[in-house]
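**Student:** here are the coordinates; sequence isn't available:
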């Protein structure tokens with residue numbers, strides 16, 4: 001499904017009602033990652049100006065989160081989001097790794113902070129598409145052995161192709 005769908009007369013009618021696009025950015029990335037984030041944000045803002053992206057949201061998340069999170073921790077939302085991504089990817093037959101990592105936490109003398117059962121590592125950039133609140137697009141991911149990058153998602157949005165890959 002794309003964000004624009006053909007109308008009955010063979011033209012193109014916008015079908016963006018209820019669609020939101022969110023770019024999730026890693027907080028405090030390296031200098032090259034900051035440049036990449038800026039390029040993606042510039043492209044998304046350009047698409048928003050041309051009404052290709054109807055509702056753009058920018059969110060930030062930590063590079064990694066230890067689970068379980070403490071009550072009231074700001075990373076709790078990122079963990080819930082990751083769990084939603086996992087479930088949607090599993091249902092659609094997509095893979096999140098290696099872009100997202102979820103691994104067993106290893107305790108030890110060098111560990112600081114509360115003990116954790118697992119660690120989630122987030123990508124520098126993630127792009128999601130929602131239609132009426134339901135997750136319908138997720139980049140980056142692996143889909144049938146093909147890497148669907150952030151740039152693939154941006155290109156699909158710009159071209160009116162099937163950006164909703166879930």
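**Tutor:** Looks like it arrived, so ask away. Note that the coordinates shown come from a computational prediction; the quantities given were computed from them, not determined experimentally.

**Student:** I'd assumed residue 47 was in contact with residue 158.
**Tutor:** Yes. Look at residue 158 against residue 47 with Cβ atoms under 8 Å: they come within range, at 6.1 Å. Heads up, the C-betas are built off the backbone N, CA and C, glycines and all.

**Student:** In this protein, where is pLDDT below threshold?
**Tutor:** Counting by pLDDT under 70, the chain has low-confidence residues at 1-15, 106-116.

**Student:** all strands for it, in order.
**Tutor:** 4-6, 12-14, 19-26, 56-61, 64-67, 94-95, 101-104, 118-121, 125-131, 134-139, 141-143, 146-148 (DSSP state E).

**Student:** of all those strands, which lies closest to residue 164?
**Tutor:** The closest approach between residue 164 and any of these, judged by Cβ to Cβ, belongs to strand 134-139 at 4.0 Å.

**Student:** quick one, the closest one and strand 19-26 angle?
**Tutor:** For strand 134-139 against strand 19-26, the angle by axes from the mean of the first three to the mean of the last three Cα atoms, to 10 degrees is 50 degrees.

**Student:** Could you check how far strand 134-139 is from the centre of its chain?
**Tutor:** Relative to its parent chain, strand 134-139 has a centroid offset of 7 Å by Cα atoms, centre = their mean, to the nearest Å.

**Student:** Same check on stretch 138-150?
**Tutor:** Distance, centroid of stretch 138-150 to centroid of chain: 11 Å (Cα atoms, centre = their mean).

**Student:** closest to residue 86 out of the strands of the chain?
**Tutor:** Between residue 86 and the strands of the chain, the shortest separation by Cβ to Cβ is 7.5 Å, and it involves strand 101-104.

**Student:** The closest one packs against which elements?
**Tutor:** Judged by 3 or more Cβ pairs under 8 Å, 6 or more residues apart in numbering; DSSP states H and E, strand 101-104 is in contact with strand 118-121.

**Student:** If we go by neighbour counts, what in the strand it packs on is buried?
**Tutor:** 120-121 (16 or more other Cβ atoms under 10 Å).

**Student:** how far out from the middle of the chain is that strand?
**Tutor:** 16 Å.
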